[in-house]
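Undergrad: Test case, fold it:
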Amino acid sequence: MRYILLLSTFLFIFSCKDNNAREAREPISESETVETTGEEQSDLDAISTKDFTEFKVLDSKNLTKAEIWKEIDPQLEDFSEVNYNKLKPLILEQDIPTLQKHIAEGKFNYEALTKFYLYRIRKFDRENPLSLNSVISINPNVINEAKRLDKEDDYHLDFIHPIYGMPILLKDNINASGMATTAGAVALKDNITDDAFIVKQLKSKGALILGKANLSEWAYFFCGECPSGYSAIGGQTLNPYGRRIIDTGGSSSGSGVAASANFAAATIGSETAGSILSPASQNSVVGLKPTVGLVSRSGIVPISSTLDTAGPITRTVMDNAIVLDAIFGEDKTDTKSFMMMWQSGFYTKDLKSASLNGKRFGAPKRLMADTLYIKALEVLKRQGAEIVEIDEEQLRLPNFINLLNLDMKKDLPAYMDAYANDNITLRTVADVMEFNLKDSVKTMPYGQNLFKGIVDDQGNANYLERIKDTLSRNGKQYFDVPMQKHNLDGFLSINNYHAAFAAVAEYPAITVPMGYTSEGVPKGLTFIGKRLQERQLLEWAYTYEQASKARVAPKDYN
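TA: Residues are numbered from 1 along each chain as shown. As a prediction, the model looks like this:
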């Protein structure tokens, strides 16, 4: 089965290839009937995760394990397999509140926690029979930063956030000082930057930046023919539930895999339309795609300033709430950001007392063929929820690809000018394409067809605005009509099946493990709400998670 990364499986419609003709016409309205052409289907397949069992590249041709660990290995000399095994039952599969409790009780400290995760990444992640290629770089200063937290009188702070001292992995399109931000691309291998806004948010609350996670290169809007989880810098990320068998999902593949494999207390991903929901569900972890504007995008390599957002990927809903609580906040340099009236602690307060009593959820009738979904609905019913079977609105998302093309064409140069390292002279998508041609084997073994589509798209600013208007209206109506008709609190999906509609509506969504197919493939139950309903989503997801207990850690990494 294919799990669509940027579009839901039922999306049929994309615009025709004739850009000149496209610019002359009005946006497609929701009432029009349009049939899919073979060319449009090819576009859709290019931005979908794919069932690959053979790969052109597994280990990176541009990065070795020795290079990743060169600066850290000497700092880990005092941490042995004995230390690792002693800490394993205290740390493995434990949530952040439990880790903090153990630290408060003196069972270990932040330095030991950090070294545990580093040792574990080095042990499993690269150049061995269980390698996952999920981590792309390590913060060379993280151990010293953990030692500093252990020595500090941290309780002088008015509020100790639960994220304090927790080692976090960032998707490698998020700027963080001390490490390159590559988006998986050789062209950005020397892109040493200052911290992104959300990294400053994490650090201000005492979080430790452990390193960077691999990703589908350029957030999976680059090659078209490549498997999800591949980047030229990081190599091929593999799924711990079935290496080379089960897709990792993308584009936040490394973040999803690393969270599932217990390589950090939590990870951060980013989503345009499915890039958090897909890898989270594929790797049996919790992924939250926030309302666009709740979390800053400044200092994150973009696809689309219209749709992009960062968000947490964690093993539990509680951890997800903690991370979201640490990263949200108004960023006046981000055009989508807005003033927030709530304070830190908003997303975690009273989460454990959440209830589903009387909550009404819409369940699309066509998903009823999925036995795991049916089982999940039964769990919700036992918790007091009402399930309303609904027919989905017959709406399309026309010209979606063109939105991504036209946004990235202007947004990438804007990132390069404002946030990239000054020594990098590349600015445009065309510049990157030309750079890649110098050594295509190492930079683009699967080609760069989606980048070519960006360069070739001649749509202008007026055309882009018309696309946005149509997509936003259709996305909102897709959810709003059944919600109003049936008095629904939320919408229930699977994995990232409805990610594109949530993306263009700018609505939040969270996916929670709901079990495994007979072939062992993880799946997630996905809750979708209205704008700024993250707290409600977390409450619904937490109640379901506690009742279902569906997540099982990947067995080869225990």
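Undergrad: going forward, measure contacts between C-alpha atoms and count neighbours the same way
TA: Noted.
Undergrad: Please name the residues that touch the nearest residue to residue 96 once chain neighbours are set aside.
TA: Closest residue to residue 96 apart from its sequence neighbours, by CA to CA, 6 or more residues apart in numbering: residue 319 at 5.9 Å. Contacts for residue 319 (CA atoms under 8 Å, 6 or more residues apart in numbering) come out as 95-96, 266.
Undergrad: redo that, cut-off 10 Å
TA: Residue 319 is in contact with 94-97, 162-163, 265-266, 286, 312-313, 325, 348, counting by CA atoms under 10 Å, 6 or more residues apart in numbering.
Undergrad: Surely it is within a helix?
TA: Yes - the assignment for residue 319 by DSSP: H, G, I helix; E, B strand; the rest coil puts it in a helix.
Undergrad: Farthest-apart pair in the contacts of residue 319, please.
TA: 94 and 325 (19.0 Å; CA to CA).
Undergrad: of those two, who's got more company?
TA: Set side by side, residue 94 and residue 325 show more neighbours around residue 325, with 23 against 17, by other CA atoms under 10 Å.
Undergrad: which residues does that one contact?
TA: 161-163, 201-202, 295, 312, 319, 343-348.
Undergrad: quick one, strands of the stretch 251-400 of the chain?
TA: Secondary structure of the stretch 251-400 of the chain (DSSP state E, counting those that start in this stretch): strands located at 266-271, 286-289, 309-314, 360-364, 386-390.
Undergrad: Tell me which of these sits nearest to residue 227.
TA: strand 266-271 (17.4 Å).
Undergrad: ok so, going back, show me which of the contacts of residue 325 is closest to residue 537.
TA: Once CA to CA is applied, the member of the contacts of residue 325 that ends up nearest residue 537 is residue 347, at 10.1 Å.
Undergrad: ok, now how distant is that closest one from residue 319?
TA: According to CA to CA, to the nearest Å, residue 347 stands 10 Å off from residue 319.
Undergrad: same thing with residue 289?
TA: Separation of residue 289 from residue 319 (CA to CA): 14 Å.
Undergrad: looking at the strands of the stretch 251-400 of the chain, which is buried most?
TA: strand 286-289 (a mean of 33; mean count of other CA atoms under 10 Å).
Undergrad: Run through the strands of the chain in chain order.
TA: All strands of the chain, identified by DSSP state E, fall at 135-138, 167-171, 208-213, 230-231, 235-236, 266-271, 286-289, 309-314, 360-364, 386-390, 490-494, 509-516, 522-528.
Undergrad: if we can go back for a sec, could the contacts of residue 319 go into a markdown table alongside distance to residue 404 and pLDDT?
TA: A markdown table is the format used below for the contacts of residue 319 (distance: CA to CA, whole Å; pLDDT from 0 to 100):
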| residue | distance to residue 404 | pLDDT |
| --- | --- | --- |
| 94 | 38 | 98 |
| 95 | 36 | 98 |
| 96 | 36 | 98 |
| 97 | 39 | 98 |
| 162 | 36 | 97 |
| 163 | 34 | 98 |
| 265 | 32 | 99 |
| 266 | 29 | 99 |
| 286 | 26 | 99 |
| 312 | 23 | 98 |
| 313 | 24 | 99 |
| 325 | 29 | 98 |
| 348 | 34 | 96 |
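Undergrad: Kindly reformat those residues as CSV and extend each row with distance to residue 511.
TA: Compiled in CSV, the contacts of residue 319 are given as follows (distance: CA to CA, whole Å):
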residue, distance to residue 511
94, 19
95, 17
96, 19
97, 21
162, 22
163, 21
265, 18
266, 15
286, 6
312, 11
313, 10
325, 17
348, 17
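Undergrad: List the buried residues of the longest helix along the chain.
TA: Longest helix of the chain, by residue count under DSSP state H: helix 461-486. Neighbour counts over helix 461-486 (16 or more other CA atoms under 10 Å) mark 463-464, 466-468, 470-472, 474-480, 482-483 as buried.
Undergrad: do stretch 139-151 as well
TA: 139-143, 145-147, 149-150.
Undergrad: ok, these vs residue 530, which is closest?
TA: Nearest to residue 530 among the buried residues of stretch 139-151, with distances taken as CA to CA, is residue 139, at 36.8 Å.
Undergrad: correct me, but the closest one touches residue 176?
TA: Yes - assessed by CA atoms under 10 Å, residue 139 is found in contact with residue 176 at 9.0 Å.
Undergrad: Between these two, which contacts overlap?
TA: By CA under 10 Å, 6+ apart, the residues touching both residue 139 and residue 176 are 209, 211-212.
Undergrad: Low-confidence regions, the stretch 101-250 of the chain specifically.
TA: 153-159 (pLDDT under 70).
Undergrad: ok, now the chain?
TA: For the chain (pLDDT under 70), the answer is 1-53, 153-159.
Undergrad: now with 80?
TA: 1-54, 153-159 (pLDDT under 80).
Undergrad: spatially speaking, which residue is in the middle of it?
TA: residue 276 (2.8 Å; CA atoms, centre = their mean).
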